[in-house]
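Enquirer: Quick one, structure for this:
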Amino acid sequence: SITKYNVGCQKDSALLLAELRSQAGEREIVIVPGQFENDLSIACSLGSIKTNVALLAQVRADYPDAFIIFKEHPDVYSGVRPGALGEQAAQSFADLYLADIDMASLLVCADRVCTLTSFTGFEALLRGKQVSVYGSPFYAGWGLTEDKISLPDRRRQLVLVELVYGAMIEYSRYVDWSTG
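Expert: As a prediction, the model looks like this:
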C-alpha cells in the first residue's frame with residue numbers, strides 16, 4: 001500500500017485494527033494527521049485553524065464520542081522540521097498519540113480522517129474513508145469530503161475518479177530528471 005510518507009514502523013493492519021478496536025470499543029476511530037505548521041499549505045489555507053492543537057480541539061468538539069488518534073508528522077517527529085506537538089499536548093484532546101508508525105497501516109484502521117490540508121485526506125479518500133476537512137486542500141469542496149469551511153469557488157460535484165484524474169494526470173506535470 002502506497003502513501004506519501006513510507007516511513008515508520010509497519011504493522012500488520014489486521015493486528016493493528018484489532019488492537020485499536022479493542023481500545024476504541026464501538027466508538028468511531030478518527031485519525032488526525034499532524035502537519036508541519038509553517039507549511040504554506042496551512043498558511044495559505046482558508047479557515048481560521050492554523051495549528052495542530054487547535055485542530056485537535058475542534059475535532060474533539062465536533063466528534064466528542066470518537067476515539068481520536070493524533071499521528072505526528074514524520075518530518076516533525078524525526079527532527080527534520082521543528083514543531084512536534086508531543087504526546088502530552090496531543091492527549092489533551094486525543095485518546096492516543098502515535099508517531100513512529102506508517103500511515104498506510106493506520107489508514108486501514110480509520111473510520112474517518114480529520115485534517116487541515118494534509119495529503120493524508122486524499123489518501124483516505126482513495127481508501128474509501130470518510131474525510132472531514134478544516135482547511136482548503138485541493139481535494140476539498142467537490143462533494144467528496146465533509147467540509148467544515150465554505151469553499152465557494154468549488155461549485156462542481158466530482159466523483160473520486162474525476163478528482164484523481166484531475167490531480168494526478170490533468171493538473172500534474174512530471175519531469176524525467178535524466179532527460180529534463
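Enquirer: tell me which helix or strand of the protein sits lowest on mean pLDDT?
Expert: The helix or strand of the chain with the poorest confidence is helix 74-77; it has a mean of 71 (mean pLDDT, DSSP states H and E).
Enquirer: what's the spacing between whichever helix or strand comes after that one and its chain's center?
Expert: Heading C-terminal from helix 74-77, the first helix or strand you meet, by DSSP states H and E, is helix 87-90. Relative to its parent chain, helix 87-90 has a centroid offset of 18 Å by Cα atoms, centre = their mean, to the nearest Å.
Enquirer: Can you tell me, leaving aside adjacent residues, what's nearest to the residue nearest in space to the middle of the chain?
Expert: Centroid-nearest residue in the chain, with Cα atoms, centre = their mean: residue 120, separated by 3.8 Å. Nearest residue to residue 120, sequence neighbours excluded (Cβ to Cβ, 6 or more residues apart in numbering): residue 33, at 4.1 Å. C-beta: built from backbone N, CA, C; applies to glycine.
Enquirer: pretty sure that neighbour contacts residue 110?
Expert: No - counting by Cβ atoms under 8 Å, residue 33 does not reach residue 110; the two are 10.0 Å apart.
Enquirer: These two - which one has more neighbours?
Expert: residue 33 (27 against 24; other Cβ atoms under 10 Å).
Enquirer: related to what we said a few turns ago, I'd like the distance between the residue nearest to the centre of the chain and residue 180.
Expert: Counting by Cβ to Cβ, to the nearest Å, the separation of residue 120 from residue 180 is 32 Å.
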